[in-house]
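In: model this:
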Amino acid sequence: MLLVCPHCFATNRVPDERLGDNPKCGKCAALVLDGVPVELTAGTFAAFVAGNEMPVLVDFWAPWCGPCKMMGPVFAQAAAQMKTQFCFAKVNTEAEQALAGQYAIRSIPTLALFKGGREVDRVSGALDAASLKSWLLHHQQR
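Out: Numbers count the residues shown, from 1 in each chain. Now for the predicted structure:
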């Protein structure tokens, strides 16, 4: 499986059976699956989303958004728990307005799920931990 390092954005090949072994990046030696959502910018978004063979869940949010702040810890917890099944990323729509426009983000928080670099589903509004996990597991089985 090809995985993009969330630290240096280098592409790494990791065998599926080694995903749970805390694989490290061949370029920067950081953990490739560290369980922490990566902050994406217009310059890193395409490489991370399209370069990962693992599905990527992107949280489009803004620092002034109350529901976004409430959902932040839930998203971080899911990232830590499901790091071998999904890559987690965040896009600050205030700082990355072009990305928000490109993906037609009309309300925040909006979660967009990408597979093979293409958006396959999205949900708007804050989710609790159980709802987020259920939504992701539904897509994992597809």
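In: Give me the contacts around the helix of greatest length in the chain.
Out: Looking across the chain with DSSP state H, the single longest helix is helix 66-81. Residues from elsewhere that reach helix 66-81 (CB atoms under 8 Å, 6 or more residues apart in numbering): 35-37, 59, 61-63, 86, 88, 90, 108-109, 125-129, 132-133, 136. Heads up, the C-betas are built off the backbone N, CA and C, glycines and all.
In: ok, which stretches of this protein are strands?
Out: 2-4, 11-13, 38-39, 56-61, 87-92, 110-115, 118-124 (DSSP state E).
In: Quick one: find the helix or strand in this structure with the lowest mean pLDDT.
Out: Taking mean pLDDT, DSSP states H and E as the measure, helix 129-140 is the helix or strand of the chain with the lowest mean score, a mean of 91.
In: show me where pLDDT drops low in this structure?
Out: For the chain, applying pLDDT under 70 flags the ranges 141-142.
In: For beta bridges, what are the partners of the residue nearest the centre of it?
Out: Nearest residue to the geometric centre of the chain (CA atoms, centre = their mean): Phe88, 2.3 Å. Beta bridges link Phe88 to Leu57 when assigned by DSSP bridges.
In: how near is it to Val14?
Out: Distance, Phe88 to Val14, using CB to CB, to the nearest Å: 17 Å.
In: pretty sure Val38 contacts Lys90?
Out: Yes. Between Val38 and Lys90 a contact is recorded at 7.3 Å, counting by CB atoms under 8 Å.
In: Against Asn52, how distant is the closest residue to His139 other than its chain neighbours?
Out: Of all residues not flanking His139 in the chain, Leu113 sits nearest, at 5.8 Å (CB to CB, 6 or more residues apart in numbering). Distance, Leu113 to Asn52, by CB to CB: 12 Å.
In: neighbour-wise, which of the two wins?
Out: Set Leu113 next to Asn52 and count neighbours by other CB atoms under 10 Å: Asn52 wins out with 23 against 18.
In: give the contact list for the more buried one.
Out: Applying CB under 8 Å, 6+ apart to Asn52 gives the contacts Leu2, Leu3, Val4, Cys87.
In: what would these look like in TSV with distance to Glu96 and neighbour count?
Out: Converted to TSV, the contacts of Asn52 look like this (distance: CB to CB, whole Å; neighbours: other CB atoms under 10 Å):
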residue	distance to Glu96	neighbour count
Leu2	24	11
Leu3	23	21
Val4	18	25
Cys87	18	25
